[in-house]
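K.L.:
next comes the sequence, and after it the predicted model I'd like to discuss.
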Amino acid sequence: MTDQPMPGLSSEPLRAKSLLRANLEKPHSDVHLQSRMPNIKVFSGTSHPDLAQRIVDRLGIDLGKVVTKKFSNLETCVEIGESVRGEDVYIVQSGCGEINDNLMELLIMINACKIASASRVTAVIPCFPYARQDKKDKSRAPISAKLVANMLSVAGADHIITMDLHASQIQGFFDIPVDNLYAEPAVLKWIKENIVEWRNCVVVSPDAGGAKRVTSIADRLNVEFALIHKERKKANEVASMVLVGDVKDKVAILVDDMADTCGTICHAAEKLTEAGATKVYAILTHGIFSGPAISRINNACFEAVVVTNTIPQDGHMKDSSKVQCIDVSMMFAEAVRRTHNGESVSYLFSNVPY
């Protein structure tokens, strides 16, 4: 029996019925994505296009069209290549590489989307720029992290998603919502899957500032923790180190939020080896690795230096066989999905999405 309209009756209800049947006959995943992810656009800046592509692949959508270029005087120019009117927009840009250029590009992209009538603009900043300048620790020092927060708000950002802020108090610099995701669930998963003797390990913080992060990981692994007290004479130069805790005949796992020139973690690794640690691993959220970092890692006694891909790591992994990478794109993708659908993101603070 066919859906032929009876004489004198409108064919509209039958056409609607046919469209409904056609939709139901589509693959389930397509219907699910269309119903769960409407009115969303994800754009990528030039700092980390690989991470942005992994995020949209996970979400099952396409990356938004955007062209970024520089004029001859090095001014940044951004052209958003599709309509964002009434859309929920996410811009992925990490604080790495040429940080100042990338930050300016992010601000311009946010502003371009905002004045093009986007309903909400979220900046996804895996590694927050200027996060180490978060307090006035000496006379006439700037609080640059607060300045960056003000710039993002003035540009038009409605929401920030980031990971492992150097100081969690930076969230208070904003008058808009900030979701500070943790790499900890992914780190725990890596430890259990890749370190055979993880039950006989000690989790070590290379400085007093990371004590809270280290004790949290040690508690979840049900192992001991230790602390290295360091004194600096000036930035990027460590004067002395004292180990607090016992690592003799145990695997030592150094955990920190970021490593720049790697002077601290390499000194810490030497200290742990001298104290009797059988193996030393370093696990870092943001592997900046500037200056002599890679050569220091190659010469140090690490089994592995594990970082997340909040910053591009392909070049570093080519230059050092010790550098390994944990993919955290699924955590950002899930944070974007939950934010878009108005769901809680607190699940991600202690779990890795499948």
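P.N.:
Cool, got the structure. Numbers count the residues shown, from 1 in each chain.
K.L.:
state the helix or strand in which the residue lying closest to residue 42 once chain neighbours are set aside lies.
P.N.:
Spatially, and ignoring its direct neighbours in sequence, residue 42 is nearest to residue 90 (4.6 Å; CB to CB, 6 or more residues apart in numbering). Using the backbone N, CA and C atoms, a C-beta is placed for each residue, glycine as well. Secondary-structure element containing residue 90, defined by DSSP states H and E: strand 88-92.
K.L.:
which elements pack onto that strand?
P.N.:
strand 40-44, helix 49-59, helix 99-115, strand 120-125, helix 329-340 (3 or more CB pairs under 8 Å, 6 or more residues apart in numbering; DSSP states H and E).
K.L.:
who's in contact with the first one?
P.N.:
When contacts are taken as CB atoms under 8 Å, 6 or more residues apart in numbering, the neighbours of strand 40-44 outside the stretch itself are 52-53, 55-56, 59, 61, 63-64, 66, 80, 82, 84, 87-93, 109, 113, 118, 336, 340.
K.L.:
run through the residues that contact the nearest residue to residue 199 once chain neighbours are set aside.
P.N.:
Setting aside the residues directly before and after it, residue 199 is nearest to residue 223 in space (CB to CB, 6+ apart), at 7.0 Å. Residues in contact with residue 223 (CB under 8 Å, 6+ apart) are 198-203.
K.L.:
nearest to residue 168 among those?
P.N.:
Among these, residue 203 lies closest to residue 168 (CB to CB), at 19.0 Å.
K.L.:
spatially nearest residue to the closest one (excluding sequence neighbours)?
P.N.:
Leaving aside its chain neighbours, residue 203 sits nearest to residue 218 (4.3 Å; criterion: CB to CB, 6+ apart).
K.L.:
how much space between the one you found and residue 349?
P.N.:
To residue 349, residue 218 is 17 Å away according to CB to CB, to the nearest Å.
K.L.:
more neighbours: which of the two?
P.N.:
Ranked by neighbour count (other CB atoms under 10 Å), residue 218 and residue 349 place residue 218 first, with 20 against 12.
K.L.:
could the C-alpha coordinates of the strand holding residue 90 be exported in PDB?
P.N.:
Once non-C-alpha atoms are left out, strand 88-92 reads as follows in PDB (Å, rounded to 0.1, in the frame of the first residue of the first chain):
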ATOM      1  CA  ASP A  88      27.800  28.200  19.600                       C
ATOM      2  CA  VAL A  89      31.400  28.900  18.600                       C
ATOM      3  CA  TYR A  90      34.500  27.200  20.000                       C
ATOM      4  CA  ILE A  91      38.000  28.500  19.000                       C
ATOM      5  CA  VAL A  92      41.000  26.200  19.700                       C
END
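K.L.:
and the protein, what are its domains?
P.N.:
With domains defined by automatic domain parsing, the chain comprises 32-182+330-349, 184-326.
K.L.:
tabulate the ones you listed (CSV), appending mean pLDDT.
P.N.:
Shown next, in CSV, are these (pLDDT from 0 to 100):
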stretch, mean pLDDT
domain 32-182+330-349, 94
domain 184-326, 92
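K.L.:
ok, the residue nearest the centre of the chain - contacts?
P.N.:
Per CA atoms, centre = their mean, the C-alpha nearest to the average position across the chain is that of residue 126, at 2.9 Å. Residues in contact with residue 126 (CB under 8 Å, 6+ apart) are 48, 51, 92, 94, 162-163, 310-311, 328, 332.
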